[in-house]
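A.B. asks: Build the 3D model from these lines:
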Amino acid sequence: MMMMIMMKLSLLVLSFVLSVSAEGFHDDLYIAGCSDTDGEFMYTLDGEEKWYADFINRRGVEPQPSFVDHMSYVEGAYESAVANQQICRSNLKNGRLGMKEIPVEKDPPSSPMIYSRDAVEVGEKNTLICHVTGFYPAPVKVYWTKNNQNVTTGVSINIPHPNDDGSFRQTSRLEFIPQPGDIYSCSVEHPALREPLTRTWDVEVKQPSVGPAVFCGVGLTLGLLGVAAGTFFLIKGNECR
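C.D. replies: A predicted model of the protein is given here:
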């Protein structure tokens, strides 16, 4: 699904001050958008996603890390998002009539960044993150591979989030279990690209360093030999007197 410039007409952004304190302002954003085949509905606080509607799995998602105070939304938030899509598509239809002849400007995404959420430990569950930014219009399509084989299980992607310059950013995640030698890739498709952007990531397991232990062992051995040699010559010197 490629959202064209008409999506910009149907993208509603509301920003207002939640509180004012010595620490400054907080931005609470509500974002809604749609196309013929897809839609988005999300809430953010200070640029961090707090809740979004997953229209594919028909549920609300709260992508908040475990180390923060969890914020939950009232029941009915997902149903409200579904109802909003009907309004959005009606606005989209009217917008197309007014902008039918206006060409679409396209900005390609920057090269994706791929990294693991946690420190890599073989056999321990982890998450690979592929972050894409700087593109317009939204969204991008993200594909994962493992050892050159397409991967769809354990894959998720958030809805596009606007940047200050009018472009968008988006993040895809892959749940995986690291194994030595495995190679993963994240490929990004966008209308402004002639070919996908791809970044690879391989499982690197840090081996314990043996250098210091070897050097310390050799040093200790030489030290003991030096003591033994010194003791030997001292005894021989006393015998010659």
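A.B. asks: ranges for the helices of this protein?
C.D. replies: Taking DSSP state H to define them, one finds helices in the chain at 6-10, 77-98, 211-239.
A.B. asks: Could you break the protein into its assigned domains?
C.D. replies: What automatic domain parsing lists as the domains of the chain is 6-98, 113-202.
A.B. asks: Just put those in a markdown table and tack on mean neighbour count, mean pLDDT and distance to Asp107.
C.D. replies: C-betas here are computed from N, CA, C, even on glycine. Shown next, in a markdown table, are the domains of the chain (neighbours: other CB atoms under 10 Å; pLDDT from 0 to 100; distance: least, CB to CB, whole Å):
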| stretch | mean neighbour count | mean pLDDT | distance to Asp107 |
| --- | --- | --- | --- |
| domain 6-98 | 14 | 74 | 13 |
| domain 113-202 | 16 | 94 | 4 |
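A.B. asks: Go ahead and confirm Gly60 touches Trp51.
C.D. replies: Yes. Assessed by CB atoms under 8 Å, Gly60 is found in contact with Trp51 at 5.9 Å.
A.B. asks: Spit out the residues that contact the two alike.
C.D. replies: Here Gly60 and Trp51 have Tyr73, Ala77 as joint contacts, going by CB atoms under 8 Å, 6 or more residues apart in numbering.
A.B. asks: which residues does the most centrally placed residue in the chain bridge with?
C.D. replies: The residue lying closest to the centre of the chain (CA atoms, centre = their mean) is Ile129, at 3.6 Å. Beta-bridge partners recorded for Ile129 (DSSP bridges): Tyr115, Arg173.
A.B. asks: list the contacts for it?
C.D. replies: The contact partners of Ile129, taken as CB under 8 Å, 6+ apart, are Met113, Ile114, Tyr115, Ser116, Arg117, Thr171, Ser172, Arg173.
A.B. asks: now do Arg59
C.D. replies: Counting by CB under 8 Å, 6+ apart, Arg59 touches Ala53, Tyr78.
A.B. asks: Run through the bridge partners of it.
C.D. replies: In beta-bridge terms (that is, DSSP bridges), Arg59 pairs with Asp54.
A.B. asks: and it, how far is that from Tyr73?
C.D. replies: Counting by CB to CB, to the nearest Å, the separation of Arg59 from Tyr73 is 12 Å.
A.B. asks: Ok, Glu48 next?
C.D. replies: 14 Å.
A.B. asks: Can you show me the strands along this protein?
C.D. replies: 12-21, 24-34, 39-45, 48-54, 59-61, 113-116, 126-135, 141-146, 149-151, 155-157, 161-162, 168-176, 183-189, 197-202 (DSSP state E).
A.B. asks: Would you mind measuring the gap between the ends of stretch 188-198?
C.D. replies: 6 Å (CA to CA, to the nearest Å).
A.B. asks: So what's the gap between that stretch and the chain middle?
C.D. replies: 18 Å (CA atoms, centre = their mean, to the nearest Å).
A.B. asks: His131 touches Arg173, doesn't it?
C.D. replies: No. The criterion here is CB under 8 Å, and His131 misses it with Arg173 at 9.8 Å.
A.B. asks: quick check, nearest of the contacts of Ile129 to Gly123?
C.D. replies: Proximity of the contacts of Ile129 to Gly123 (CB to CB) peaks at Ser116, which lies at 14.0 Å.
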